[in-house]
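1. Fold the following for me, if possible:
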Amino acid sequence: MALLRSRLLQVLLPGLLSAGLILATAQAYPLLTLGLVAVSVAMFWAALWSASVLLGHRGARVLAVLALGLGWFAEQMGSSRGWFFGRYTYTEVLGPRLGDVPLAIPLMWLALCLVGYVLASLILWRTPVHAAPTLKSGALTAWLAAMIVTTFDLGADPYFVYVLKAWIMEKPDGGWFGETLQGFAGWMLVSFVIIATFQALAAPRRVPAIGRQTRLAAWVPIGLYASGLVFQLLFGHPIEIRAIAFFAMGMPTLIAWVAWRHWTSAHAEAPQAQPAHGVPLAPMGLQADPPVGGPDRGGAHRAVVRRRRGHRPGHGPARRRHPAHGGLDQQRCPGRLGAGRCRSRGGRSGGGGGVARLCERGARAAHLGRRGQGRARRGHLHGARPAVVHAAVLLEPA
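-> Have a look, this model is predicted:
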């Protein structure tokens with residue numbers, strides 16, 4: 001009940017905040033701003049759902065807190081003090097603010113960081129998450145993810161500055177279509193810190209199992225990045241941005257999509273497990289006895305097995321058979337532990353109740369129960385849980 005309440009709170013609180021942001025924007029801002037805020041909220045929820053499926057609920061929470069918190073902090077320091085991205089001032093185009101930063105901006109940071117992380121994992125490791133990263137592999141993943149995030153910003157920033165006029169740069173000609181080159185260094189640094197810190201705190205321990213939901217969750221980041229690519233190809237400004245976006249964003253999108261195809265098809269191409277009853281006995285060194293009273297197929301080795309009370313099938317080392325033992329269907333050993341003699345019931349060797357001599361080591365392994373008595377029974381392999389527990393115990397003919 002407490003877990004259910006916690007999960008509901010995790011969904012309910014962001015849902016209420018998102019609804020409140022959209023309502024506040026609709027009441028006080030123009031339609032363009034409402035559309036931009038709605039797109040940011042939709043990207044946030046798509047990324048949050050994808051992260052919860054691929055990274056687990058804890059991983060999604062950690063990534064969300066880091067992206068929202070550090071993203072807002074970096075933007076606040078940039079707009080107020082000129083850190084990271086250079087000095088700039090946000091306008092009213094992006095809607096309600098927290099401090100100097102519109103609330104839509106931290107939402108985009110979460111979506112872009114998840115996109116960068118998943119695409120980098122697919123490109124480097126052919127899986128949508130990098131499970132149990134080492135220091136080097138985690139740093140490599142974070143570095144490539146930061147490059148993917150910054151590549152999106154190469155075309156997005158000029159559009160926001162020239163067309164939407166979402167912010168005003170203090171230095172109008174910073175070397176990249178109205179944006180400063182320092183801004184791209186800031187994007188690399190902030191996104192690298194977010195993703196590297198996430199991997200250090202809550203990296204997934206294993207790759208999620210391939211299923212319908214995980215396939216879609218891994219496709220969502222690729223789709224988000226591809227939609228940004230299409231937007232920049234159609235509406236990028238100045239026009240040079242369209243050619244830059246085609247190559248700069250097109251290559252990671254294509255490589256990640258191919259890696260996603262390989263990852264999703266790996267499950268279908270993997271060999272299926274064979275049923276236990278189809279496993280031949282010969283490679284296992286075991287052979288089941290024929291039915292009681294059946295013919296003795298001369299010299300065939302047979303496994304006489306024992307089952308202890310409460311013993312779990314499939315555990316314990318198998319005993320070796322003596323190569324010259326005779327066939328025994330079922331035997332009861334009334335004697336004590338030691339090198340005694342056992343009479344065969346319905347035995348076939350010798351025609352009338354053949355006698356087998358058990359070596360001392362074999363007798364001790366075969367006798368269990370109260371007062372040193374036990375019973376050795378023939379075993380059968382059936383189903384996924386074999387009944388054979390221990391192989392025959394060093395029998396030799398009388």
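2. Helices of the stretch 1-150 of the chain, residue ranges please.
-> Assigned by DSSP state H, counting those that start in this stretch, the stretch 1-150 of the chain shows helices spanning 2-28, 31-81, 104-125, 135-159.
3. closest to residue 93 out of the ones you listed?
-> helix 31-81 (6.0 Å; CB to CB). Where you see a C-beta, it was placed from the backbone N, CA and C, and this is true even at glycine.
4. helices or strands up against the closest one?
-> helix 2-28, strand 88-90, strand 101-102, helix 104-125, helix 181-202, helix 212-235 (3 or more CB pairs under 8 Å, 6 or more residues apart in numbering; DSSP states H and E).
5. quick one, which of these is nearest to residue 57?
-> The closest of the helices and strands packed on helix 31-81 to residue 57 is helix 2-28. By CB to CB, the value is 7.1 Å.
6. thought residue 92 was touching residue 29?
-> Yes - Residue 92 is within contact range of residue 29, at 7.0 Å (criterion: CB atoms under 8 Å).
7. ok, these two, which is more surrounded?
-> residue 29 (17 against 14; other CB atoms under 10 Å).
8. Domain map for the chain?
-> 13-266, 285-291+300-398 (automatic domain parsing).
9. Throw those domains into TSV and include mean pLDDT, thanks.
-> TSV is the format used below for those (pLDDT from 0 to 100):
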stretch	mean pLDDT
domain 13-266	94
domain 285-291+300-398	44
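10. and the ones you listed, which is most packed in?
-> Of the domains of the chain, the one with the most neighbours on average (mean count of other CB atoms under 10 Å) is domain 13-266, at a mean of 18.
11. how much space between the nearest residue to residue 83 once chain neighbours are set aside and residue 204?
-> Distance criterion CB to CB, 6 or more residues apart in numbering; nearest residue to residue 83, sequence neighbours excluded, is residue 77 at 4.0 Å. The gap separating residue 77 from residue 204 is 31 Å, by CB to CB, to the nearest Å.
12. now residue 71
-> Residue 71 is 22 Å from residue 204, by CB to CB.
13. now do residue 80
-> Applying CB to CB to residue 80 and residue 204 gives a distance of 36 Å.
14. Surely residue 101 touches residue 77?
-> No - contact criterion CB under 8 Å: residue 101 and residue 77 do not qualify, at 9.7 Å.
15. For the residue lying closest to residue 143 once chain neighbours are set aside, list the residues it contacts.
-> Closest residue to residue 143 apart from its sequence neighbours, by CB to CB, 6+ apart: residue 192 at 6.2 Å. For residue 192, the contact set (CB atoms under 8 Å, 6 or more residues apart in numbering) comprises 142, 143, 145, 146.
16. Now for these: which two are most distant?
-> Once CB to CB is applied, the contacts of residue 192 give 143 and 145 as the farthest pair, at 7.2 Å.
17. right, so of the helices and strands packed on helix 31-81, which gets closest to residue 134?
-> Here helix 181-202 is closest among the helices and strands packed on helix 31-81 (CB to CB), at 10.0 Å.
18. Taking helix 104-125 as reference, get the angle to the closest one.
-> 70 degrees (axes from the mean of the first three to the mean of the last three CA atoms, to 10 degrees).
19. quick revisit: distance of the residue nearest to residue 83 relative to residue 199?
-> Distance from residue 77 to residue 199, counting by CB to CB: 24 Å.
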